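# predicted model and sequence follow; I will ask about them next.
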Amino acid sequence: MRQYQLSHRKDFSGLTLHDDIPKPKLSTATEVMVKIRAVSLNARDLQIATDQYPAPHAIKDNLVPVSDAAGEIVEVGEEVEGWKVGDRVCTVCFLGHDQDEDVQMHSMVRGLGGAIDGVATEYFTVDQTQLVRMPSHMTFEQASTLPIAAATAQNSLYGHHPVLQAGDTVLCMGTGGVSLFAAQIALNAGAKVIITSSSSAKLTRVTSLLQPLLRSTSSPDTIQTINYNEHPDWDVKVAELTGGKKVDFVIEIGGRATLGKSIRSTRAGGLVAISGYMSDYGKPDEKANQEDLAKMLLYGAVNARGNFVGNKVQFEKMNRALETGGVIPLVDKIFEFEQLKEAYEYLQSGKQIGKVVVKVSSD
Ligand SMILES: NC(=O)c1ccc[n+]([C@@H]2O[C@H](COP(=O)([O-])OP(=O)(O)OC[C@H]3O[C@@H](n4cnc5c(N)ncnc54)[C@H](OP(=O)(O)O)[C@@H]3O)[C@@H](O)[C@H]2O)c1
């Protein structure tokens, strides 16, 4: 069968496609075999392939990369219950999180495509407990985007107090995977969103892609946007757009350079859900680095919470809501399996809106 392995981690040229890898066998009676149909990429995959992943564990040699996939069960072990051949499933990034507990740094030792082999392969075996049923209305390409990006968005909005309520406003930072899933989950739940981006063209496109989640009677301010290059003090703009009330949630993926503005954009009792650190890849922002974040949180009475993906229980709850609302993930581009390297380069370019997907097999 065909499988990618990382022969080195200096750059994406380490992504090597092998076509003579033996098909795996079930190693326990409770395992299932999944024929992988599509995988999606995350910032994590780029970091792992270029040795920049802040993991408290070694990256396996000749690692099979990528954590997020959707596929079809083609074989079940003798003691498997609840799954059958033909079931359509998604992988879970950090194995072992079938309980309702937070994924944490130590969970990374069970991370697909990091500490252990991932899913850029035609067949994959895993214990029956480490899969989630795909939302029935999605294609494999769409469902492959859920395990990290959507689960992180779900955890940001529903993981702990405060949880999202209809009528809330969610600030979604940037037009990448996590933020746009947060926007879709929020709109599906009757909340409003403010989306930021470096690009006005992306904001126009995103606003149009999100229209199916609006009702004909939705208020005109249900989706608002801010170009953060045109408005470097975008927290001031957030206050203006919300009539001084500020937002209930911020999907914080910028890190150091944006956290202060995120706190200032949030109402008392609201939540800054911290997931990412995209600004680490840009020029250091000395002014932001010197901000007194503790006092900002204190005086603003704002909550801040780090969240690491989401657990399997959250993933399943989210899938039910996405299915009920008929929410379709925003897939920017689908690459062929032979083009995995190009898909990595495309994600790194930052040109995408939403998710970048790679088709693995179609028959
Ligand atoms: N904690 C977790 O479990 C978890 C899970 C997933 C991802 N993450 C992290 O979250 C971050 C985003 O991940 P993703 O998968 O959504 O990435 P992505 O799909 O590559 O999207 C990243 C987007 O962030 C925006 N951006 C870049 N630099 C920015 C800045 N300085 N300020 C504001 N926005 C900026 C850009 O949007 P525009 O082009 O529109 O400006 C970009 O498209 C990454 O740091 C990733 O490592 C963490």
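Okay, I see it.

# how about the residue sitting nearest the centre point of the chain: what's its closest non-neighbour residue?
The centroid of the chain falls nearest to residue 149 when counting by Cα atoms, centre = their mean (0.8 Å). Leaving aside its sequence neighbours, residue 149 sits nearest to residue 177 (Cβ to Cβ, 6 or more residues apart in numbering; 3.3 Å). Backbone N, C-alpha and C define where each C-beta goes, glycine included.

# tell me the pLDDT at residue 55?
Looking at residue 55, its pLDDT reads 84.

# tally of neighbours for it?
Residues near residue 55, counting by other Cβ atoms under 10 Å, number 15.

# hang on, it packs against residue 107?
No. Taking Cβ atoms under 8 Å as the definition, residue 55 is not a contact partner of residue 107, at 10.7 Å.

# and the contacts of the worst-scoring helix or strand of the chain on mean pLDDT?
Least confident element among the helices and strands of the chain, by mean pLDDT, DSSP states H and E: helix 286-289 (a mean of 92). With contact meaning Cβ atoms under 8 Å, 6 or more residues apart in numbering, helix 286-289 is reached by 256, 257, 258, 259, 260, 261, 279.

# got it, and stretch 9-29?
Residues contacting stretch 9-29 (Cβ under 8 Å, 6+ apart): 1-8, 32-33, 48-51, 59, 65, 75, 77-80, 121-125, 127, 337-338, 340-341, 344-345.

# got the end-to-end distance for it?
Taking Cα to Cα, to the nearest Å as the measure, stretch 9-29 stretches 35 Å from start to finish.

# now that stretch, how far from the centre of its chain.
The chain centroid and the centroid of stretch 9-29 are separated by 23 Å under Cα atoms, centre = their mean, to the nearest Å.

# kindly report the same for stretch 61-75.
Centre-to-centre, stretch 61-75 and its host chain are 17 Å apart (Cα atoms, centre = their mean).

# now the contacts of helix 286-289 in JSON lines, with neighbour count and distance to residue 96?
Shown next, in JSON lines, are the contacts of helix 286-289 (neighbours: other Cβ atoms under 10 Å; distance: Cβ to Cβ, whole Å):
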{"residue": "256", "neighbour count": "17", "distance to residue 96": "31"}
{"residue": "257", "neighbour count": "20", "distance to residue 96": "34"}
{"residue": "258", "neighbour count": "27", "distance to residue 96": "32"}
{"residue": "259", "neighbour count": "22", "distance to residue 96": "30"}
{"residue": "260", "neighbour count": "19", "distance to residue 96": "35"}
{"residue": "261", "neighbour count": "26", "distance to residue 96": "36"}
{"residue": "279", "neighbour count": "17", "distance to residue 96": "31"}
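
# ok, back up a step: from residue 203, how far out is the residue nearest to residue 149?
16 Å (Cβ to Cβ, to the nearest Å).
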